[in-house]
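> coords below, sequence missing:
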């Protein structure tokens with residue numbers, strides 16, 4: 001540990017012509033302190049818990065065409081996510097002669113009420129929410145709509161993310177152009 005050299009190189013002679021011995025300073029050996037530092041670092045690395053992941057579990061359907069779910073038009077609500085935090089929706093299936101009546105616009109503030117109304121008005125076995133994201137929508141919007149499903153207590157398996165059809169893309173584009181959404 002600490003070491004001190006006290007040798008003076010000979011007897012205790014005093015007088016002229018006698019050289020004084022050099023006094024050496026103390027020297028501290030730092031090796032044990034480095035060892036202790038590494039032991040502490042090792043201890044804390046092995047005993048620390050890393051942050052837990054906060055990923056959301058999501059049940060995704062299989063791509064097997066034989067096991068695709070058939071959804072009743074009366075129980076389906078399609079939610080479309082556009083650019084600029086725009087949310088569009090329609091019930092059932094889009095019909096060419098009723099597009100302007102079926103295709104509606106809302107905000108993220110009001111979508112929770114619409115989800116809850118549909119959930120209360122539809123038997124649970126028939127209920128299905130179909131979520132579709134436009135190529136201009138953000139990932140945050142997709143997460144927000146999934147959070148709305150969780151907040152509204154929609155059971156897993158009663159909502160799914162699906163690709164958008166060309167008709168829906170055209171409807172969103174025309175609506176956003178008419179409303180000046182950038």
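Yep, it's here. These figures come from a predicted structure and were not determined experimentally.
> going forward, measure contacts and count neighbours with C-alpha atoms only.
OK.
> how about residue 42, secondary structure?
Remark: residue 42 carries the secondary structure label helix [criterion: DSSP: H, G, I helix; E, B strand; the rest coil].
> same deal with residue 83?
For residue 83, the reduced secondary structure class is coil; criterion used: three-state DSSP.
> my guess is it contacts residue 137, does it?
Yes - when contacts are counted by Cα atoms under 8 Å, residue 83 is listed as touching residue 137 (4.4 Å).
> can you list the low-confidence ranges for this structure?
Scanning the chain for pLDDT under 70 picks out 1-15, 17-18, 55-71, 182.
> what segments of it are strands?
Along the chain, counting by DSSP state E, strands occupy 2-3, 27-28, 76-81, 87-91, 104-106, 128-133, 159-161.
> quick one: closest of those strands to residue 150.
Evaluated over the strands of the chain, closeness to residue 150 peaks at strand 159-161, with 10.3 Å, by Cα to Cα.
> show me what the closest one packs onto, helices and strands only.
If you count contacts as 3 or more Cα pairs under 8 Å, 6 or more residues apart in numbering; DSSP states H and E, strand 159-161 packs onto strand 128-133.
> got a markdown table for the strands of the chain, with mean neighbour count and distance to residue 168 too?
Putting these into a markdown table (neighbours: other Cα atoms under 10 Å; distance: least, Cα to Cα, whole Å) gives the following:
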| stretch | mean neighbour count | distance to residue 168 |
| --- | --- | --- |
| strand 2-3 | 9 | 81 |
| strand 27-28 | 10 | 78 |
| strand 76-81 | 23 | 8 |
| strand 87-91 | 20 | 10 |
| strand 104-106 | 15 | 12 |
| strand 128-133 | 22 | 9 |
| strand 159-161 | 18 | 14 |
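> turn those strands into CSV, columns for distance to residue 121.
As requested, the strands of the chain are arranged in CSV below (distance: least, Cα to Cα, whole Å):
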stretch, distance to residue 121
strand 2-3, 83
strand 27-28, 81
strand 76-81, 11
strand 87-91, 12
strand 104-106, 19
strand 128-133, 12
strand 159-161, 16
